[in-house]
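Chemist: When you get a sec, could you give me coordinates for this:
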Amino acid sequence: MNLLIMEKSEALAKEFYKIAIKSNLFHHICYCDLDEDLSLKIQNENPQFIILPIEYTKNDTYQVLRTLTSHYKECIFLITGNMTDYPRILEALKGGAGNFILRPFTQISIYTALRNALYLLNFQSIKNDEESKTLEQNDRTELVRIRAEKLLFSLINTKNDPLHIYRDLCSFCPEYAYYEQCRVGIIAAEHLPLDTMQDNKGISSSALTRLMNDLMGSVPAGFAISGLKSSGEISLFFFRDLPNIELQCHRLCQEVYRVTGISLHIGLGPAMNFPNDVQESANIARMYSKSYNLLGESPSTITSCDPRYSTLPYDFSALEQDLYAALLMGNVSSIRRCAHNFCDTLLEYGYLCIRQMERIRLIYHGMRTSWIESFRVLYAEISRGLYSPAFVFHPPYDSNGTFSRELLEIGLIEDLTQVSRFILHLSSPSRLDKNYLQSVKEYIHHNYTQDLTQKQIAKQFNVTPNYLSAAFKKKFGTTMLNYIHELRLRQAKKMLENPDISIIDISHAVGFADAKYFSRIFRQRENLSPREYRKKILHERNAPLDSL
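Modeler: Residues are numbered from 1 along each chain as shown. Prediction:
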């Protein structure tokens, strides 16, 4: 067997060569760069396997592979690229590529791809040779398994009628026509550190799935299917011995941990009719897979959801106030303290699942976007041409795929520090001295709908209430309380234009705990009660044109 390696750099080609030569699969291995004539190189070297970088195909990946595979039918093309190139890699597979290998290269990912390609090459040569009537049973079984994997994965992910996929599955693997029930297991990818696995563990997601399939040899009619690159999960299918599958899954996770050190948690759906209800079993398994407790000793197999995991038991508005104050101060120690308290609050109740972790990241991302955009509006001229800081609050999972409080806090501190520098840079032309009065004003503007007091604001900025009050009035010509009332009443007047919102709801929405106090302040400022103001506005809006 001959192998031709084409890569975008000689360093990558040498890296691939070192791993490929250890496989002892090839008599001859050669290299060419992107500038050489591939056709001439194939003609001179006569390779059966060709490593082709996705960069070679440029902007017409599908057509390039379609042309190459139709012209060189005796060759198997393996595509290499980064995770960001995956949409183009899919086009290459559709065009006829035999397989793909993600960079950075690892020994097990290259071995797996080359072994599968070798099976495919043997199968094609036997198919084209009319004199050969037999195929090694192991090779045939492997080809059936690969094809079945693709069809089963499509079966649980299609949005259309799955019967045409089922017909293809049965025509290729007749035994599936006899299965009446199936249980689907899902491993969520959120806790699988793929980068860490590739860099340190030397194992890729496809190799992990291959390992699981090898371990599942004792499980009757069971498959593990890697869908991490397209769907963010690994899918498992079980067709026989269904009552004992929970125990099998538990043993599977223990063995994977023993071999790789990676902690897996399988959400296992109920046994349901195959193929009609297999999608429902998969959906239930997905829900279970995101419902294990990250903080405790999680079970390997999850078959139910804890109702506590459906909501977040804490108030994010209070957490946001502390974080925002730390941002405006720009003090690293304050940011560290607030990040530490933030993590303490998240973990106070002793449970946290993947679904909640996703919501926390989404809420936090929304908060930081609001902070940044509010300053962009205030300092439009300064911020013109400036991009937002990169998001560095990464998923807090260690190299074993387990939750890490330390990583959560470190990522939060790094992100808050970066956002704080960005915001302070925007506001620096109009910032005052060390009292940060402009930051105090922005803090009030961002939190006036909350239960703000002068004492609370002074505490956030580490000054006495009297000092802050005097400095604020000297700078802005009004007291903090008047400024808060001004912001609240301005928002209240907008809401009063909607007759469907009650006065009490408006008072609470803009930050007044007492509706009577809200009405008294409103009357002092507008010489009208909120109800009278609404009546006046609605009357003016509905008055005929000739009466105006």
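Chemist: So what's the residue count around the nearest residue to Cys170 once chain neighbours are set aside?
Modeler: Computed as C-beta to C-beta, 6 or more residues apart in numbering, the closest residue to Cys170 that is not its neighbour in sequence is Ala177, at 4.4 Å. The C-beta positions use only the backbone N, C-alpha and C, and glycine is treated the same way. Applying other C-beta atoms under 10 Å, we find 11 residues neighbouring Ala177.
Chemist: part of a strand, is Ala177?
Modeler: No: going by DSSP: H, G, I helix; E, B strand; the rest coil, the assignment for Ala177 is helix, not a strand.
Chemist: Would you agree it is in contact with Ser171?
Modeler: No: shown here, Ala177 and Ser171 do not form a contact pair, counting by C-beta atoms under 8 Å, at 9.2 Å.
Chemist: Give me the buried positions along the helix or strand hosting Cys338.
Modeler: Using DSSP states H and E, the element containing Cys338 is helix 332-347. Neighbour-count burial for helix 332-347, with 16 or more other C-beta atoms under 10 Å as criterion, is recorded at Ser334, Ile335, Arg336, Cys338, Ala339, Phe342, Cys343, Thr345, Leu346.
Chemist: and Lys73, how far is that from Ile234?
Modeler: 33 Å (C-beta to C-beta, to the nearest Å).
Chemist: Give me the more crowded residue out of these two.
Modeler: Legend: neighbour count by other C-beta under 10 Å for Lys73 and Ile234, higher for Ile234 (23 against 10).
Chemist: mind showing which ranges of the protein have poor pLDDT?
Modeler: Low-confidence segments of the chain, defined by pLDDT under 70, span residues 23, 119-146, 190-208, 210, 216-232, 297-299, 381-385, 427-436, 462, 542-548.
Chemist: Scan it for its longest strand.
Modeler: In the chain, taking DSSP state E as the definition, the longest strand is strand 181-188.
Chemist: Could you list every helix and strand in contact with it?
Modeler: strand 233-238, helix 245-260, strand 266-268, strand 272-273, helix 278-289 (3 or more C-beta pairs under 8 Å, 6 or more residues apart in numbering; DSSP states H and E).
Chemist: Run the chain-centre distance for that strand.
Modeler: 21 Å (C-alpha atoms, centre = their mean, to the nearest Å).
Chemist: in the lengthiest helix in the chain, what counts as buried?
Modeler: If you go by DSSP state H, the chain has its longest helix at helix 354-378. Across helix 354-378, burial judged by 16+ other C-beta under 10 Å covers 354-357, 360-361, 364, 367-368, 371-372, 375-376, 378.
Chemist: quick revisit: next, the angle helix 354-378 makes with the helix holding Cys338.
Modeler: Orientation check (axes from the mean of the first three to the mean of the last three C-alpha atoms, to 10 degrees): helix 332-347 against helix 354-378 gives 140 degrees.
Chemist: mind checking how far the residue nearest to Cys170 is from Met272?
Modeler: Distance of Ala177 to Met272, given as C-beta to C-beta: 17 Å.
Chemist: Also Ala188?
Modeler: Using C-beta to C-beta, we find Ala188 at a distance of 20 Å from Met272.
Chemist: out of those two, which sits in the busier spot?
Modeler: Neighbours were counted for Ala188 and for Met272 using other C-beta under 10 Å; Ala188 has more, 24 against 19.
Chemist: which residues does the more buried one contact?
Modeler: Residues near Ala188 by C-beta atoms under 8 Å, 6 or more residues apart in numbering: Gly232, Glu233, His265, Gly267, Arg286, Ser289, Lys290, Ile354.
Chemist: go again using 7 Å as the cut-off
Modeler: Counting by C-beta atoms under 7 Å, 6 or more residues apart in numbering, Ala188 makes contact with Glu233, Ser289, Lys290, Ile354.
Chemist: Please apply the same query to Leu538.
Modeler: Counting by C-beta under 7 Å, 6+ apart, Leu538 touches Pro499.
Chemist: Just confirm it is within a helix.
Modeler: Yes: counting by three-state DSSP, Leu538 is located in a helix.
Chemist: I'd like to know how far it sits from Thr260.
Modeler: Going from Leu538 to Thr260 by C-beta to C-beta gives 68 Å.
Chemist: picking that back up, state the paired neighbours of the longest strand of the chain in the sheet, together with their directions.
Modeler: Strand pairing for strand 181-188, using DSSP bridges, gives strand 233-238 (antiparallel), strand 266-268 (antiparallel), strand 272-273 (antiparallel).
Chemist: Just the C-alphas of that strand, formatted as PDB.
Modeler: The C-alpha trace of strand 181-188 is given here as PDB (Å, rounded to 0.1, in the frame of the first residue of the first chain):
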ATOM      1  CA  GLN A 181     -38.000  -2.100  20.500                       C
ATOM      2  CA  CYS A 182     -35.000   0.200  21.100                       C
ATOM      3  CA  ARG A 183     -33.500   2.100  23.900                       C
ATOM      4  CA  VAL A 184     -31.500   5.200  23.100                       C
ATOM      5  CA  GLY A 185     -28.700   6.700  25.300                       C
ATOM      6  CA  ILE A 186     -27.300  10.200  24.900                       C
ATOM      7  CA  ILE A 187     -24.000  11.500  26.200                       C
ATOM      8  CA  ALA A 188     -24.100  15.400  26.200                       C
END
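Chemist: quick check: angle from that strand to helix 278-289?
Modeler: 40 degrees.
Chemist: could you point out which element follows whichever helix or strand Ile50 is part of?
Modeler: Applying DSSP H and E as the criterion places Ile50 in strand 49-53. Counting by DSSP H and E, the next helix or strand C-terminal to strand 49-53 is helix 61-71.
Chemist: buried stuff in that next one?
Modeler: Buried, per 16+ other C-beta under 10 Å, within helix 61-71: Thr61, Tyr62, Val64, Leu65, Arg66, Leu68, Thr69.
Chemist: So which elements touch it?
Modeler: Using 3 or more C-beta pairs under 7 Å, 6 or more residues apart in numbering; DSSP states H and E as the contact test, the elements touching helix 61-71 are strand 76-81, helix 86-94.
Chemist: which residue sits closest to Pro499, ignoring its sequence neighbours?
Modeler: Nearest non-adjacent residue to Pro499 (C-beta to C-beta, 6+ apart): Leu538, at 6.3 Å.
Chemist: try Val332
Modeler: The shortest distance from Val332 to any non-neighbouring residue, by C-beta to C-beta, 6+ apart, is to Thr417 (6.4 Å).
Chemist: Can you get me a residue count around that neighbour?
Modeler: 19.
Chemist: Can I get the helix or strand hosting it as PDB, trimmed to CA atoms?
Modeler: Assigned by DSSP H and E, Thr417 belongs to helix 405-427. Taking C-alpha atoms only, helix 405-427 is exported to PDB below (Å, rounded to 0.1, in the frame of the first residue of the first chain):
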ATOM      1  CA  ARG A 405     -15.300  25.400  40.700                       C
ATOM      2  CA  GLU A 406     -11.800  26.700  40.300                       C
ATOM      3  CA  LEU A 407     -12.100  26.900  36.500                       C
ATOM      4  CA  LEU A 408     -15.500  28.600  36.800                       C
ATOM      5  CA  GLU A 409     -14.100  31.300  39.100                       C
ATOM      6  CA  ILE A 410     -10.900  31.800  37.000                       C
ATOM      7  CA  GLY A 411     -12.900  32.200  33.800                       C
ATOM      8  CA  LEU A 412     -15.300  34.600  35.400                       C
ATOM      9  CA  ILE A 413     -12.400  36.800  36.800                       C
ATOM     10  CA  GLU A 414     -10.700  36.900  33.400                       C
ATOM     11  CA  ASP A 415     -13.800  37.900  31.600                       C
ATOM     12  CA  LEU A 416     -14.900  40.500  34.200                       C
ATOM     13  CA  THR A 417     -11.400  42.000  34.200                       C
ATOM     14  CA  GLN A 418     -11.300  42.300  30.400                       C
ATOM     15  CA  VAL A 419     -14.800  43.900  30.300                       C
ATOM     16  CA  SER A 420     -13.900  46.300  33.100                       C
ATOM     17  CA  ARG A 421     -10.800  47.500  31.200                       C
ATOM     18  CA  PHE A 422     -12.900  48.000  28.100                       C
ATOM     19  CA  ILE A 423     -15.600  50.000  29.900                       C
ATOM     20  CA  LEU A 424     -13.100  52.100  31.800                       C
ATOM     21  CA  HIS A 425     -11.200  52.800  28.600                       C
ATOM     22  CA  LEU A 426     -14.400  54.100  27.000                       C
ATOM     23  CA  SER A 427     -15.400  56.300  30.000                       C
END
